[in-house]
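Trainee: build me a structure from this.
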Amino acid sequence: MKYITTIDGKEFLVEIIDDRHISLDGKIVKVDFESVESQPVFSLIVDGKSYEAYVYEGGEDLEILVKGKLYHSRVEDERERRLRAASGGLVVQSGPYHLKAPMPGLVVSVVVEEKQEVKQGDVLLILESMKMQNELKSPRDGVIGRIQIKAGDSVEQRQKLLSVE
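Mentor: Numbering: from 1, shown residues only. A predicted model of the protein is given here:
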């Protein structure tokens, strides 16, 4: 899977090759990225150099603090970027919004229940992929419709998980 990562306005093409290797703008890089349990702290080793990274989610963006410098980052896969560009970057505010898995993974927990009211930015579920837990959040205010997964389920990329109506 290829991802477009924008860090402080500069774009990078990232492709995940396997658990320990990525391609960064065509250059193969050996990486080890592990989270410190229940903390926004990650151990990052890139080509043998060790870093400590603090990662904070802010809507669709990430703020990453490494060696005292704060970076603003956004990660999109190629298909999501094309869809966002085609829709003008807007989330449809009427009719159901179907939350789909942004990557293959394991559903760790479903935080909401059917018919529950949610606000934009509320965590809906936690998906684990490549040893990282990702909070999937509501893109808008609404009511949870049908939930099609449960904790412990394995999901494929773009699989429908639930809807916000």
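Trainee: follow the chain on from the lowest-mean-pLDDT helix or strand in the chain and name the next helix or strand.
Mentor: Lowest by mean pLDDT, DSSP states H and E among the helices and strands of the chain is helix 78-86, with a mean of 66. For helix 78-86, the succeeding helix or strand toward the C-terminus, using DSSP states H and E, is strand 97-100.
Trainee: which residues sit against that following strand?
Mentor: 91, 124, 136, 138-140, 142, 158-165 (Cβ atoms under 8 Å, 6 or more residues apart in numbering). (C-beta placed from N, C-alpha, C; glycine too.)
Trainee: and what of stretch 69-85?
Mentor: Contacts of stretch 69-85 (Cβ under 8 Å, 6+ apart): 1-8, 14, 60-65, 102-103, 158.
Trainee: contacting residues around the spatially closest residue to residue 47 that is not a sequence neighbour?
Mentor: If the residues on either side of it in the chain are set aside, residue 47 comes closest to residue 30, at 5.6 Å by Cβ to Cβ, 6 or more residues apart in numbering. By Cβ under 8 Å, 6+ apart, the residues touching residue 30 are 20, 21, 46, 47, 48.
Trainee: contacting residues for residue 11?
Mentor: 4, 5.
Trainee: relative to residue 3, how far out is it?
Mentor: Distance, residue 11 to residue 3, using Cβ to Cβ, to the nearest Å: 10 Å.
Trainee: this completes my enquiry, with thanks.
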